[in-house]
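A.B. asks: got a predicted model here, sequence first, then my questions.
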Amino acid sequence: MRIFSGIQPTGSLHIGNYFGAIRQWLDFQHNNECVFCVVDLHAITVPYDAKNLPNLVQEKAIVYLAAGLDPEKVIILVQSSIREHTELCWLLNTVTPLGELYRMTQYKEKSTKHKKEECAGLLNYPILMAADILLYDTEIVPVGEDQKQHVELARDIARRFNSKFGETFVLPKVKLPKEGARIMSLTEPTKKMSKSEADKKSSISLFDSPEEIRKKIKSAVTDTYKTIKYDKNKRPGVSNLLTIYAILSDRSIKEVEKEMKEKSYKVFKEELAELLVEKLEPFRRKREELLSREVYVREILKQGENRARIIAEAKIAEVRKKMGLY
Ligand code: TYM
């Protein structure tokens, strides 16, 4: 099957990005045709530092490799290196009703946050995402829960296009992980963990030092109950920590809950912090290694670009023809 997914090169990647997206990608890479993208064109829809963007892109490619994606098996790609993404975005603009864009949750959140600097690109963001997905005849899109609505819109756009111009696009399906589709903030556990959050204590970055991890988990918001119990609605803080523990230790939340039942919050948090330190250690090590191999990383991205271009050029030619472009 063809798999496509992407991550914006803003901020540092956190365990939410890992559990929601990258961890699923690792499973898919063995028996499928995968394209994993650093979506720099999406990142420029809110204020950003142009000088630093290339570094952030390179850094995300390093994360993909450090996490264990095999460049021999998957295509690792920088979105802006393939112009067909933007061309298809324009073409799909013409079959997307405006109302659909205004109702997107992420648009509502981001346009409120960036009220003064809001640009048309922020509203059209999901169309570019649909272009990313449809350009590669993608069947499965592994993402976290917050991107589900966008993938569903991509599917609607494909359906609309096909009925207007004839069968052209595969209808993509969203794939969420069983656990970890929505990891919550450590400081405000009713909100999702987010790269763009200013308070660094709210998330665990994949490259936090052991000391940072211990401090952040120690100060994570829980509640005043005495026992450790999973209850997403009434006790979001401790439920989030239990989820993280369960994923990292490859066990069910029920099992972890049972094990932690008699323990204090203090001990539970200490054990969770040590587990995080241990599980994130290989990331830190591999990243250090890759930071000194810039040429190698560039080479991988170039190779990804060349492989992706073959698929993208053929698809855009088909779309142009169907739409009657000269
Ligand atoms: P982005 O960069 O915001 O997030 C990258 C991936 O991480 C997931 N994620 C989470 N999962 C669980 N818990 C969280 N707290 C959490 N926060 C983020 C996201 O769901 C996502 O899978 N628009 C996309 C990027 C994109 C894309 C695409 C994705 C562009 N084109 C085509 C798939 C297919 C975005 O901004 O993701």
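C.D. replies: That came in fine, so what should we check first?

A.B. asks: name the SS class of residue 34, please.
C.D. replies: strand (DSSP: H, G, I helix; E, B strand; the rest coil).

A.B. asks: likewise residue 310?
C.D. replies: helix.

A.B. asks: residue contacts, the closest residue to the ligand within the stretch 101-250 of the chain?
C.D. replies: The ligand sits closest to residue 144 of the stretch 101-250 of the chain, with a gap of 2.3 Å, by Cβ to the nearest ligand atom. All C-beta spots, glycine's among them, are computed from the backbone N, C-alpha and C. By Cβ atoms under 8 Å, 6 or more residues apart in numbering, the residues touching residue 144 are 16, 17, 19, 20, 21, 176, 177, 180, 181, 182, 183.

A.B. asks: for the residues you listed, work out which two are farthest apart.
C.D. replies: Using Cβ to Cβ, those span at most 13.7 Å, a distance reached by 17 and 176.

A.B. asks: okay, those two: which has more neighbours?
C.D. replies: residue 17 (25 against 19; other Cβ atoms under 10 Å).

A.B. asks: contacting residues around the more buried one?
C.D. replies: So residue 17 contacts 7, 144, 195, 206 (Cβ under 8 Å, 6+ apart).

A.B. asks: out of those residues, which are inside strands?
C.D. replies: Among the contacts of residue 17, the members falling in strands (DSSP state E) are residue 7.

A.B. asks: farthest-apart pair in the contacts of residue 17, please.
C.D. replies: 144 and 206 (14.7 Å).

A.B. asks: mind listing the helices for the stretch 51-200 of the chain?
C.D. replies: 53-67, 84-93, 98-102, 105-113, 120-135, 148-165 (DSSP state H, counting those that start in this stretch).

A.B. asks: re the thing from before, can you redo the contacts of residue 144 as JSON lines with distance to the ligand and pLDDT?
C.D. replies: Output for the contacts of residue 144, formatted as JSON lines (distance: Cβ to the nearest ligand atom, whole Å; pLDDT from 0 to 100):
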{"residue": "16", "distance to the ligand": "3", "pLDDT": "98"}
{"residue": "17", "distance to the ligand": "4", "pLDDT": "97"}
{"residue": "19", "distance to the ligand": "6", "pLDDT": "97"}
{"residue": "20", "distance to the ligand": "2", "pLDDT": "98"}
{"residue": "21", "distance to the ligand": "4", "pLDDT": "98"}
{"residue": "176", "distance to the ligand": "9", "pLDDT": "98"}
{"residue": "177", "distance to the ligand": "8", "pLDDT": "97"}
{"residue": "180", "distance to the ligand": "6", "pLDDT": "97"}
{"residue": "181", "distance to the ligand": "6", "pLDDT": "98"}
{"residue": "182", "distance to the ligand": "5", "pLDDT": "98"}
{"residue": "183", "distance to the ligand": "4", "pLDDT": "98"}
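
A.B. asks: no more questions from me, cheers.
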